[in-house]
Every structure is written in structure tokens, then in C-alpha cells.
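K.L.:
what's the 3D shape of this:
(chains A and B)
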Amino acid sequence: MKIQSVSYAAVSLLLVSSTLLAGCSSGTGATGDKSSGYPQKDVEYVVPFAPGGSSDLIARAVAKVSKKYLKVNTTVLNLPGGSTSIGLSKVINSAADGYTIGTFNNSGVQSPLTIDTPYVYYDVMTPIAQVAESPYVLVVKADAPWADLKAFAADIKARPNKLTTGAASAGGGTHFPLEALALGLGSDIRTVIFDGGSPAITALLGGNVDASVQAPADVKSLVEAGTLKAIATFGHKRMSDPVFADVPTAAEQGFEVYSMLWQGVAGPAKMDPAAVAVLDEYIKKATQDESVVKAVSGAGLGIAYLDSAQFGEKWASEAVYYKKLFASLGDRLKK
Amino acid sequence: MDFSNLVLGFTAILTVPNLVASLAGVMLGNLAGVLPGLGISGTVAVLLPVSYGMEPLTALILISGVFAGASYGGAITSILVNIPGEATSIVTTFDGHPLAKAGRAGLAIGTAATASFVGGTIGLIGLTFFAPVLSQAALAFGPPEYLAVTALGLVLLANISGGSRLHGYIMLIGGVLLGTVGLDAVFGTTRLTFGSTHLLDGINFIIVVMGVFGITELLLTLCTPGGDQPTGKFSLRGLFPARNQIRPVAAAMGRGGLIGFALGLIPGPSSTISTFASYEVEKKLSKDPDRFGKGALEGIASPEASNNSSFYSQLIPLLSLGIPFSASIALLMSAFIIHGIRPGPQLVVQQPVIFWGLIASLYLGNVILFVLNVPLAGMWASVLRIRFDMLMPVITIITFTGAYALNNSVFDLRVMVVFGVVGLIAKYANYDMTAFVVGLFLGPFFEKSLVQSMVMFDGNMGALLGSRPISTTLFIVMVIVIVAGVVRPLVPQKVKEIVE
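P.N.:
Numbering: from 1, shown residues only, chains lettered A, B, ... in the order given. A predicted model of the protein is given here:
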């Protein structure tokens, strides 16, 4: 039986395309000339976070249009916990046939470099496509004495280890930017680690910390209301959202610090390239679908489609950037 | 007081879809509360995609109804089978289950439902009239204050269920230690995981609770020949408390409602803390504290009222600041965001219809839940008339399904069974697992706020005490409690009599 199905697969592979070099899994168990057609059944989409977060909202919006663009249903499975290791491990340990995919975000590159993770995710997973991204922003209370990042940086330099910042998690995109800034200034800042963006904002509003790096969605209404002010974004260019459009990037203000939050889709190692191509095409169409665009902006990000190859290059280049950055920060991220 | 806003809200919700959404939301929430494990997050995750096509207000009424309903339903399994479906209904097992064993489950459930209504009403009134003022007060609560609250909580609650003080503290410390398992939130290092990915996130609190209360109870039933099927007839009269109990129970509901409302404003899992705190308060106020743990109605009334009240006060920071103070409220916030509504200081100004419509729907939901739950008390109570050898397998299946549904994890089921056995051993050894659960719950928050406070004050405890009056006061209370606990047994009986 096994030999038979493998031979079916081999024949059909030859027939369909000479570019399919990697796998013969697409034909296993299927019959006749249907064997090459991916997808044949529903796709499972693992979200390594609890329901309700931005990752979950985006994944569900993308999954919802899969009947339209992928011709099969995609079901979302939330496997939260272990700083994404539980959900990502499930994807990594699944068959590389394209029927199990998962959300992959910036922490997939950062966390293997800062905490003990079971896999180096960006090395062992197959990039499929990026969906959305957004820079992190630096916020302070509206009545704080710093008008911009330059003033804040001058104060960090003048008063080493006196200013405090609240981060949403240890070692992540809300933690390292100000530590990197302080390092560049030859000074020091005290980072208070909270579990999530909201507790850090609460502490900022209550005057328990002086500043906080946040996902723009989490502080948008408070910036709009004039309770908080954004004094820098950590992107490569300014944001298009009108609330943050006038906020200069850190680089504009003379500090080369970048911290982006991005999200896409990835699969297990050595995925069938045909399935990757089909999934990539589906994500591309999904990112142009009005309902997905709305969900992504609702979650506080902007659509930023990258194809499989570009997404893979991004993982590699960010890994190099963060490796260097975290090495220079050393113990600063572990205090 | 200005009622025009509320009138605006009620006008907005008087449409067929909104009324249906309110009814459906609270009923589904109620059911989610009844089924252990299948909590708010699972239900909301299913409903969120369904709500995409709805009007924003209708969707919010539906989703927030789930929250209101769940805080009613959580008490049912706590009382009937000693399995708390949510962390907030752990305390309800203390007196609820003994009552059920005595054949008065209907009374316990009826009391819980009434208390939920009273607490909910207190919370809603606070939410309606004091939201903006209170949200500012809530911000005064930073890591140093949280540190003091959790420290005081650990000291006070070690002995929550009575019995030996020494045993209580041993179990409490055990719980705190177990709470350190997993990825440390501050330093990013793994602790006591032995290389297991499943342990990275620590031991799931609610799974342990389902183990040490639910599975232990099932095992105890197995180990008791003949079982302890409650006896006695069920009558409508049995649903109501004796006349002389009404006043103290009503007072307990009022106190619980106020405690829940005040504590709900504190960032963090304050709903659960408020149920423990209100139970402790009732015990301390009671002339006859020995009744607690054996079926005291105040022990159900006060925590259930505080649980419901705290839900509404938790909405205050969400609606007026746009910040969810707890994980479950964060889920509610995502329902807002999906529908393009960003809760925050601007919400009431820019979208008064949504803001007041939501609040009006919560009043409506609270009444619907009360009307639904009081008659249902008798029905739920009669579940226990089913023969235990038939009922227990069903409960076992529901418990396991619920525990699995929590994180889709088989590992969690193993943890639950292990702690069921641990709970059984502890029971026979006369150690009480409640203190263990308290330690497991408060320990991680204590540790986190300790590290955060130390970073804030650069390791200087003196500076913290000097500049934080709230936490200093709480620490002084804690020291007094400890000193009193040590000194009191040393004072000779004679002196005590003279002093009194």
C-alpha cells in the first residue's frame, strides 16, 4: 500500500511539475490524478496565543476567507502558553503537507535569542507569507517634561539609572529599544517588566514608570484623548495612522533603534513547495480582502504582505540584527 | 444624579436584535459558568466570529452578557459537586457543598443567585454613577500596593478554612513554591520545568483547582462505601432561608457587593481575590465562626455578591481608560476592537449610545439572570437525586472535557488527575488544600510585584515604605496580624478573660 501510494505520488509529481523536488507527501493516501492537488482537506491554523489578542483576531480574519481563496476551510486552533513554544512546537511536529500552519510573529525570531525555547523557530520553520506589521511606539504621560525622544534621551544621559520604563515582556520588542538607547548613550535605564501591555500602561498612567514602549493599538485611544503622548516610533518610516502620523521615528531623531511588530504564517520544516505556493497565493489574496484589511487595522497593525521568499529573508536578516543587538546588550535584558 | 444617560441607553437597546442578543448572551454565559473548564474565554472565542456581521452594540451586548452570565453560573457546580468552574467560585465550595450534602443544594443555589443579583446591582450602580472618578483612583494602585495586598492576602488567607494554623502555612508555602514553576516573567529563565515544554507556562491554576476540589471529591466518593448521597425531600420551601437567617444573609450580600466593587478596581485578578476577602470578612464578623465551612449561608452570599459586583467595577477602567485590568476583561476589550470601537476616555463622548446602551443591557441582563436562576435552583438541586453511580461518570466526563477544552492540552488532564490524588492524600492526612490553592494563586503575583517594586525603587525597601502610604499601611496591618498570631496563644487564659 505504501509503495503503491509513493509510486502514485512519484508519477504525479513528474506529470505535474518538474520544479517539485522536495516532497512526495502531497500524494500520500490520495488516489489517481487528484493526488497532486493541494489542498484536498481542511487546513488547521495554529495560533500560539489565547483567543482575543491581535494575533488571534488577524488569524481568524484570514481563516474566514479561506473558503473563498483556498477552496477549503481553515480552522483556528488556539494553543497558548510557554511564550508561543506550545503552539509552534505543534506546528513543527506536524506533517509538512500544508495542512498544519501557524501564526509566526516577531517573537519567533526574538525569543530563541533571549529565552530557553525548545526550537530555534526561525531555523526550523518554513516561511509562507507575512500578513501585517506595525512599529512599536514610545509613550509618556501628556504632562511629562519630555517633548521628544531627544529630550528624553538627554535626561537618560544626565540621570543614569534614575528613569524607569515599563515593558510588556522580558527581552521582547517593548523591552530592548530603550535598553539599546541607554547603552548607546553610555547610560542606564531601569526596566520594570509587566505581563502584557495593559499592566504597563496602567503603571505609566499611575506614575509608577516614566515611559513605556507599546504596540500602537494599545495606546491609540489614550494618545487621541490627550492622556498620553507618543514621542517616537521605532519603525523605518513614519506611520500612516493619523493619530501617529506626526510622530517622528527614533532614527529621524538621531537614534538608530528599530523595533517592529509583525505577523505572518509559517509551517513545519521542509514543507512541500507546491503547498507553500498555494498558501502564499491565498494569503496574498486574503491581505487584499476588505474584511481582512478591516480586522488587521482593528488589531492596530497595517497590511504588509511579503511572499514566502521575502518573509524568509526577513527572518534571516532580523535574526542577524537581533543577535548582534542582544549580544551587545548582554545582561541588560536579564536584570 | 442624572438619569438621562441611562434613559438614552435603554432606548437604544429596545430593539428585537438587541433584546435577543442580551438574552442569548446571558444564557450562554450562564451555561459556560455551569460547565467547569468551559469558561468565558472558550465561549467568547466561539461567539466572536459569529458576531462579525452584527451591529456593534448588538455584538457587545451579546459578548458582555456572557461575562455577566458566567459569574452567575460558576456557583452551581461548586455547590453540587465541589468542582469550581471558575477561580471566582472556589470559595463557594466551602459552604455550598456541605449544604448540598445535607440535602439543601436548592437553598445554596438560590442564595448564590440572589447574592449575584444583589452584588451585580451594587456594581452596576457604582459603574453608572462613579465611573470616571473611580478610574483615576484605581491608577493609584501600582506594583508596591499590589505587593502589599498580596503579602497581606497570603498571611490572612493561610487559615481561611479553619483547622491547624501550622498545616495552613505549610500548604500555603507548598502552593507558593509550585507557583514558581515555568518561565519566569521577569528574567526570562525557566524554573523547575525539567526540560518540559508543557511546564514552561507553569502549572495551570484552574486545572489544579479542578483537581484538588473536583477529582478529589470524585475519588472520595469512590472511597466511601455506599457514597454520601444527600437525602431529604426537595421542596420549594427548601429554597428559601429560615426567617431569622434573612437579615444576616442580606447584610452579607451587601458587604460582599461593596468589597467586590472596591477590590474590582485594583489591577490584576481582583475578582478572585475579592471572593476570598469577602469570605474572610464574613468569618471574622460572625458571632459564630465555627459554622463556616459547614454550610453557613453568609459564606455563599458574600463571595457570590462580591464576584458579580467586581465584574462591573472591572468595566470601569476598561470603559473610561481603555485598559483591561485582568486577562478576562482583555478578552472583552477585543470584542470592542473587532467592531471598531476603542474603549477609552473618548468612548462616552464620541459614542454615548454604545456606552450607555451597553450599561443599560447589563441592567437588563442582571434582571434576566435573576429571573432565570432562582427557579432553576430547584432544577439544579434535583440533579443530585440522580443515583451517584450514574451521576459520577457523567460529572467525570464533563470535568475532563472542560479541563481539556481550557488549553486543548492532554498534559493538563494528567496534572488534574495528579492533583486529585494529592488532594485525596491531603484530605486523609488532615491537611487542607485550600491554603495550597491560595498560595499557588497569590504566589506568582506576589513575586512579580516584588520584583517590579524593587526595580522601581532600585532595591530600596525604605524608599518604598517612605513614599507609598497605601502599601505602608497594609504592611503595618500584616505585621500586626503576624504578631497577634504569635503572641495570642502565649497569653495565659486568665489574662484573656480579664481583658475581655
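K.L.:
Now do the helices in the stretch 1-150 of chain A.
P.N.:
Here the stretch 1-150 of chain A has its helices, by DSSP state H, counting those that start in this stretch, at A:2-16, A:54-64, A:66-69, A:85-92, A:107-114, A:121-124, A:149-158.
K.L.:
And the third one, what's buried?
P.N.:
Right, helix A:66-69. A:66, A:69 (16 or more other C-beta atoms under 10 Å in any protein chain shown). To be clear about C-beta, it is placed using only N, CA and C from the backbone, and glycine gets the same treatment.
K.L.:
what residues does that helix touch?
P.N.:
Residues outside helix A:66-69 that contact it (C-beta atoms under 8 Å, 6 or more residues apart in numbering or on different chains): A:43, A:72-74, A:281-282, A:285-286, A:289.
K.L.:
Turn the residues you listed into JSON lines, columns for neighbour count, distance to residue B:325 and pLDDT.
P.N.:
What follows is the contacts of helix A:66-69, written out as JSON lines (neighbours: other C-beta atoms under 10 Å in any protein chain shown; distance: C-beta to C-beta, whole Å; pLDDT from 0 to 100):
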{"residue": "A:43", "neighbour count": "22", "distance to residue B:325": "36", "pLDDT": "95"}
{"residue": "A:72", "neighbour count": "14", "distance to residue B:325": "40", "pLDDT": "94"}
{"residue": "A:73", "neighbour count": "14", "distance to residue B:325": "36", "pLDDT": "92"}
{"residue": "A:74", "neighbour count": "24", "distance to residue B:325": "34", "pLDDT": "93"}
{"residue": "A:281", "neighbour count": "15", "distance to residue B:325": "43", "pLDDT": "96"}
{"residue": "A:282", "neighbour count": "24", "distance to residue B:325": "38", "pLDDT": "96"}
{"residue": "A:285", "neighbour count": "16", "distance to residue B:325": "39", "pLDDT": "97"}
{"residue": "A:286", "neighbour count": "28", "distance to residue B:325": "34", "pLDDT": "96"}
{"residue": "A:289", "neighbour count": "17", "distance to residue B:325": "35", "pLDDT": "95"}
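K.L.:
Nearest to residue B:123 among the residues you listed?
P.N.:
Taking C-beta to C-beta as the measure, residue B:123 sits nearest to residue A:74 out of these, at 39.7 Å.
K.L.:
correct me, but the closest one touches residue A:41?
P.N.:
No - if you go by C-beta atoms under 8 Å, residue A:74 and residue A:41 don't touch, sitting 10.8 Å apart.
K.L.:
Neighbours of residue 52, how many?
P.N.:
I went with chain A, as the question did not name one. Counted with other C-beta atoms under 10 Å in any protein chain shown, residues neighbouring residue A:52 total 25.
K.L.:
was after chain B, sorry
P.N.:
Per other C-beta under 10 Å, the neighbour tally for residue B:52 reads 15.
K.L.:
show me what contacts residue B:79?
P.N.:
Taking C-beta under 8 Å, 6+ apart, one finds B:92-93, B:96-97, B:99-100, B:105, B:108-109, B:112, B:300 in contact with residue B:79.
K.L.:
what about residue A:303, helix or strand, and which?
P.N.:
strand A:302-306 (DSSP states H and E).
K.L.:
if we can go back for a sec, need the helices of the stretch 1-150 of chain A in JSON lines with mean pLDDT, can you?
P.N.:
Below are these laid out as JSON lines (pLDDT from 0 to 100):
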{"stretch": "helix A:2-16", "mean pLDDT": "44"}
{"stretch": "helix A:54-64", "mean pLDDT": "89"}
{"stretch": "helix A:66-69", "mean pLDDT": "93"}
{"stretch": "helix A:85-92", "mean pLDDT": "89"}
{"stretch": "helix A:107-114", "mean pLDDT": "90"}
{"stretch": "helix A:121-124", "mean pLDDT": "95"}
{"stretch": "helix A:149-158", "mean pLDDT": "97"}
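K.L.:
now the ones you listed as a markdown table including distance to residue A:310?
P.N.:
Below are those laid out as a markdown table (distance: least, C-beta to C-beta, whole Å):
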| stretch | distance to residue A:310 |
| --- | --- |
| helix A:2-16 | 25 |
| helix A:54-64 | 18 |
| helix A:66-69 | 19 |
| helix A:85-92 | 20 |
| helix A:107-114 | 15 |
| helix A:121-124 | 14 |
| helix A:149-158 | 30 |
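K.L.:
any idea how far chain B is from residue A:197?
P.N.:
From residue A:197 across to chain B, the span is 9 Å (C-beta to the nearest C-beta, to the nearest Å).
K.L.:
Identify the residues contacting that residue.
P.N.:
Shown in contact with residue A:197 (C-beta under 8 Å, 6+ apart): A:168, A:174, A:214-215, A:218.
K.L.:
do the same with residue A:89
P.N.:
Going by C-beta under 8 Å, 6+ apart, residue A:89 touches A:118-119, B:197.
K.L.:
Run through chain B and note the low-pLDDT ranges.
P.N.:
For chain B, applying pLDDT under 70 flags the ranges B:1, B:37-38, B:185, B:188, B:226-239, B:494-500.
K.L.:
Grab the most central residue of it for me.
P.N.:
Geometric centre of chain B, nearest residue: residue B:88, 1.5 Å, by C-alpha atoms, centre = their mean.
K.L.:
how close does that residue sit to chain A?
P.N.:
Distance from residue B:88 to chain A, by C-beta to the nearest C-beta: 18 Å.
K.L.:
Next up, the contacts around that residue.
P.N.:
With C-beta under 8 Å, 6+ apart, residue B:88 has these contacts: B:71, B:74, B:271-272, B:275, B:307.
K.L.:
Identify the residue nearest it in space, chain neighbours excluded?
P.N.:
Nearest residue to residue B:88, sequence neighbours excluded (C-beta to C-beta, 6 or more residues apart in numbering or on different chains): residue B:307, at 4.5 Å.
K.L.:
Please state the offset of the helix or strand where the one you found lies from the chain centre?
P.N.:
Using DSSP H and E, residue B:307 sits within helix B:298-321. On the basis of C-alpha atoms, centre = their mean, to the nearest Å, helix B:298-321 sits 9 Å off its chain's mean C-alpha point.
K.L.:
What about residue A:225, how many residues nearby?
P.N.:
Neighbours around residue A:225, by other C-beta under 10 Å: 17.
K.L.:
should've said residue A:233
P.N.:
Using other C-beta under 10 Å, residue A:233 has 29 other residues around it.
K.L.:
Give me the phi and psi angles of it.
P.N.:
With angles defined as degrees, to the nearest 10, residue A:233 sits at phi -120, psi 160.
K.L.:
And the one 5 residues further on, by the same measure?
P.N.:
Torsion angles at residue A:238 (phi, psi; degrees, to the nearest 10) stand at phi -70, psi 160.
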